[in-house]
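Q: Let me see the structure of the following:
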Amino acid sequence: MDYFSQSFSVALDLIFRFDPTVWRVVWVSLEISIVAVMISSTLVIPLGTLIALNNFPGKQFLQQLLNTLMAVPTVVIGLLLYGLLSRQGVLGNLGLLYTQWAIIAGECLLISPIILNLTVVAIHSSDKRLVPTLLSLGANRWQLMLIVLSETRFAVMTALVTGFGRAIGEMGIAMMLGGNIENHTRTMTTAIALETSKGEFEFGLALGLLLLSIAFLVNMGLQQLQRDTE
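A: This next block holds a predicted model:
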């Protein structure tokens, strides 16, 4: 118990004296995760809205596929992208392997099914009278999408927070595609694994505490925003 208490004290000291090594890892993780969520949400939220507002053959199968993709092991995504981005791969000439953009691409593939599926569920769970009312008032397709998204904004924001949490806590993709390069592709999760294996438990604990704190602050901010607008 004394060992853990001492480690916890050292971890807090690393955090509150703003140790540059610790906070550089945090910044890299935040940068990668935020960019991945921005790219993914820009693409899949409109797509999810279209899927939810329209009926078409295969829609049920598509939703089942999305549910399956939400559970895809991260190492599978990392393996597929590694094959594409490696020097012998189709996209090897882009030189993206072991860069932040490789991790971002992997995280986009990881969180897109999550955000897409939760967006579809959010719109399906909205007031059933909303869409018929808007159509009767003469709303066109784009107006319909914007109003429906506005009415379900908190559920959609929850989808984004869920995607962000999944991205920032990802290790397999970051390790395989980023290479855990210090000050470049070393994220909180890969640094925790590395430092703990080296016996630097205090450093790993400091990053673990910051990872939990970020998740807590993001969720607290979302709840506060919801309360303020009710």
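Q: For the lowest-mean-pLDDT helix or strand in the chain, what is the distance to the chain centroid?
A: Within the chain, confidence by mean pLDDT, DSSP states H and E is lowest for helix 130-136 among all helices and strands, at a mean of 83. Here the centre of helix 130-136 is set off from its chain's centre by 33 Å, with Cα atoms, centre = their mean, to the nearest Å.
Q: by contact count, what packs against the helix ranked longest in the chain?
A: Ranked by residue count and defined by DSSP state H, the top helix of the chain is helix 20-53. Secondary-structure packing of helix 20-53 (3 or more Cβ pairs under 8 Å, 6 or more residues apart in numbering; DSSP states H and E): helix 100-124, helix 141-151, helix 153-168, helix 188-197, helix 201-229. From N, CA and C alone the C-beta is placed, and that goes for glycine too.
Q: what bits of the chain have low per-residue confidence?
A: For the chain, applying pLDDT under 70 flags the ranges 1, 228-230.
Q: Can you measure across stretch 94-104, start residue to end residue?
A: Its first and final residues considered, stretch 94-104 spans 15 Å by Cα to Cα, to the nearest Å.
Q: what does that stretch rub up against?
A: Under the contact criterion Cβ atoms under 8 Å, 6 or more residues apart in numbering, stretch 94-104 has outside partners 28, 31-32, 35-36, 39, 81-82, 85-87, 105, 173-174, 177-179, 181, 184-185, 187.
Q: do the same with stretch 17-30
A: With contacts defined as Cβ under 8 Å, 6+ apart, stretch 17-30 is touched by 14-15, 100, 168, 183-189, 191, 203, 206-207, 210-211, 214.
Q: and it, how far from the chain's centre?
A: Here the centre of stretch 17-30 is set off from its chain's centre by 19 Å, with Cα atoms, centre = their mean.
Q: List the contacts of V37.
A: V37 neighbours (Cβ under 8 Å, 6+ apart): 111, 115, 160, 163-164, 167.
Q: change it to 10 Å
A: V37 makes contact with 104, 107-108, 111-112, 115, 160-168, according to Cβ atoms under 10 Å, 6 or more residues apart in numbering.
Q: how many neighbours does the residue nearest to K59 when sequence neighbours are not counted have?
A: Nearest residue to K59 in three dimensions, chain neighbours excluded: I51, at 7.0 Å (Cβ to Cβ, 6 or more residues apart in numbering). Look at I51: counted by other Cβ atoms under 10 Å, it has 21 neighbours.
Q: list the contacts for I51?
A: By Cβ under 10 Å, 6+ apart, the residues touching I51 are 44, 59, 62-63, 66, 116-117, 119-120, 123-124.
Q: how far away is I51 from I111?
A: 17 Å (Cβ to Cβ, to the nearest Å).
Q: whoops, I mixed them up, L194
A: In this structure, L194 and I111 are 24 Å apart, going by Cβ to Cβ.
Q: So which of the two has more stuff around it?
A: Remark: of L194 and I111, I111 carries more neighbours, 27 against 16, as counted by other Cβ under 10 Å.
Q: Tell me which helix or strand S126 sits in.
A: Counting by DSSP states H and E, no helix or strand carries S126.
Q: residues contacting it?
A: Counting by Cβ under 10 Å, 6+ apart, S126 touches 52, 148-149, 151-152, 155.
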